[in-house]
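Engineer: Got a predicted structure plus its sequence, pasted below:
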Amino acid sequence: MSFDDQPGLEGETIALRGMLESDRAMLTDAAKDAETWAGHPSRDRYKTAVFAPYFDFLLRAGGASVVTDKASGTLIGCSRYYVGPDAPEDIAIGFTFLNHHYWGGATNFEMKTLMLDHAFATFDRVWFHIDSTNPRSQRATAKLGAVRMADAALDLIGAGTPAPWLCFVLERDAWMRVKVARQGVTGKT
């Protein structure tokens, strides 16, 4: 099965494309505010010295895409497709961050809509692995229709040391119900 894990995806207000080394400075700038990492397990990732290894990992691991605000042309975050060790026949979405100025609106839903629609063209299920200390991501994932299936110790970064993760799964049918309900409320497609 062939799956493009760095597709060019375009929505109404944002666009996604594969991450490049040349994105380092602009993505570091998008991540530089401490408020962006509030409530995240890596609360000091706003520091360049802490963000740099994260960027290096995403670039090396593959499947990472940057998110561009179409109006300003600036990078506002990133996300990644990957194959989780707990569900090798499916795809996962994670390692996501958006600059805090884009929280609380439609940007995250637009990004996830683009990514999920692309994933569901190939897969029946999409997984999300979330740190237990990140309630914001847990709530956002549940709003997409994902259900917490398990807690597992997984090595998602290839460090050889498993870490605890909350494992959520989103079925295609559940996503379609949420998407239709959300579009009915917003009037957007």
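Structural biologist: That came in fine, so what should we check first? Source: prediction; values computed, not measured.
Engineer: how about the strands of the protein, start to end?
Structural biologist: Under the criterion DSSP state E, the chain contains strands at 9-10, 14-18, 64-69, 75-82, 91-98, 125-130, 147-154, 163-171.
Engineer: wait, which of these is closest to A49?
Structural biologist: Nearest to A49 among the strands of the chain is strand 91-98 (16.8 Å), distances taken as Cβ to Cβ. Any C-beta I mention is one placed from the backbone N, CA and C, and that applies to glycine too.
Engineer: which one of the strands of the chain lies closest to Y46?
Structural biologist: Among the strands of the chain, the nearest to Y46 by Cβ to Cβ is strand 91-98 (10.2 Å).
Engineer: List the neighbouring strands of the closest one plus their orientation.
Structural biologist: Paired strands of strand 91-98, with direction, are strand 75-82 (antiparallel), strand 125-130 (parallel) (DSSP bridges).
Engineer: and those as a markdown table, adding distance to T36?
Structural biologist: A markdown table is the format used below for these (distance: least, Cβ to Cβ, whole Å):
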| stretch | distance to T36 |
| --- | --- |
| strand 75-82 | 8 |
| strand 125-130 | 17 |
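Engineer: As CSV, those strands with mean neighbour count and distance to V67 would be great.
Structural biologist: Below are those laid out as CSV (neighbours: other Cβ atoms under 10 Å; distance: least, Cβ to Cβ, whole Å):
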stretch, mean neighbour count, distance to V67
strand 75-82, 22, 5
strand 125-130, 23, 17
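Engineer: Tell me how far the closest residue in space to S132 that isn't next to it in sequence lies from G105.
Structural biologist: Spatial nearest neighbour of S132, excluding adjacent residues (Cβ to Cβ, 6 or more residues apart in numbering): L166 at 5.6 Å. Distance, L166 to G105, using Cβ to Cβ, to the nearest Å: 25 Å.
Engineer: Would you mind telling me which of those two has more residues around it?
Structural biologist: Neighbours per residue (other Cβ atoms under 10 Å) separate L166 from G105, with L166 holding more: 19 against 11.
Engineer: Was I right to think that one contacts A146?
Structural biologist: No - the pair L166 / A146 is not scored as a contact, 10.3 Å apart, by Cβ atoms under 8 Å.
Engineer: which residues in this structure form helices?
Structural biologist: 24-30, 48-61, 107-120, 135-143, 172-186 (DSSP state H).
Engineer: right, so of the ones you listed, which gets closest to H40?
Structural biologist: H40 sits nearest to helix 135-143 of all the helices of the chain, at 7.8 Å, using Cβ to Cβ.
Engineer: Tell me which residues of that closest one come out buried.
Structural biologist: The neighbour-count check on helix 135-143 (16 or more other Cβ atoms under 10 Å) flags S137, Q138, A140, T141 as buried.
Engineer: Verify the stated contact: the first one with H129.
Structural biologist: No - assessed by Cβ under 8 Å, S137 is found out of contact with H129, at 9.8 Å.
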